[in-house]
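> here's a sequence, model it:
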Amino acid sequence: MNQDYRLYSRVNSNDSVSQRGKGMLKISEFAKACGCKEYTLRYYDKIGLIKPAICEPSGYRFYEHSQTEEYHRIKRLQYVGFSIEEIQELKRLQKETVLEKIDEKIKKCDSIHIELLAIRKEWEE
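Predicted coordinates:
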């Protein structure tokens, strides 16, 4: 495991969530807040897309409420056609380069839109 991305807590698993830190969600609670499955979050953790704010040595993962925004940004990027690999790349790039990549995707979507209109017209004839 890459420890650069994780904070290890020495909190016992019997302690309440509030003692772990304000706003911390267990993986099941975070999954529910995001509208996804726990295995999705485990996969995203494994590939470095979204890391838990705290990962205990026992394997328990805890997320901050603010990380739901990050999750939803990833889902929005997927919705508009970015692959997981592309999203991983975006996270490594500087803001200016990210904006260029988004502009490229907009141009591609515009081309797809034009092509779909042409196909629709063919079907109407």
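
> and the strand or helix carrying Ser111, how far from the chain's centre?
Per DSSP states H and E: Ser111 is located in helix 95-124. Here helix 95-124 is found 23 Å from its chain centre; the criterion is CA atoms, centre = their mean, to the nearest Å.

> cool, and stretch 51-58?
Taking CA atoms, centre = their mean, the mean C-alpha location of stretch 51-58 is offset from the chain mean by 16 Å.

> also stretch 88-107?
Put simply, stretch 88-107 sits 15 Å off its chain's centre (CA atoms, centre = their mean).

> the helices in this structure, which residues?
17-20, 27-34, 38-47, 67-79, 84-92, 95-124 (DSSP state H).

> which stretch in those helices is the model least sure about?
With a mean of 48, helix 17-20 has the lowest mean pLDDT of those.

> per-residue pLDDT, Asn14?
On pLDDT, Asn14 comes in at 44.

> can you offset everything so residue one is 699?
Okay, using 699 as the starting number, the last item reads as Asn712.

> rewinding a little: so what secondary structure elements neighbour the helix holding Ser809?
Applying 3 or more CB pairs under 8 Å, 6 or more residues apart in numbering; DSSP states H and E, we find helix 793-822 packed against helix 782-790. The C-beta positions use only the backbone N, C-alpha and C, and glycine is treated the same way.
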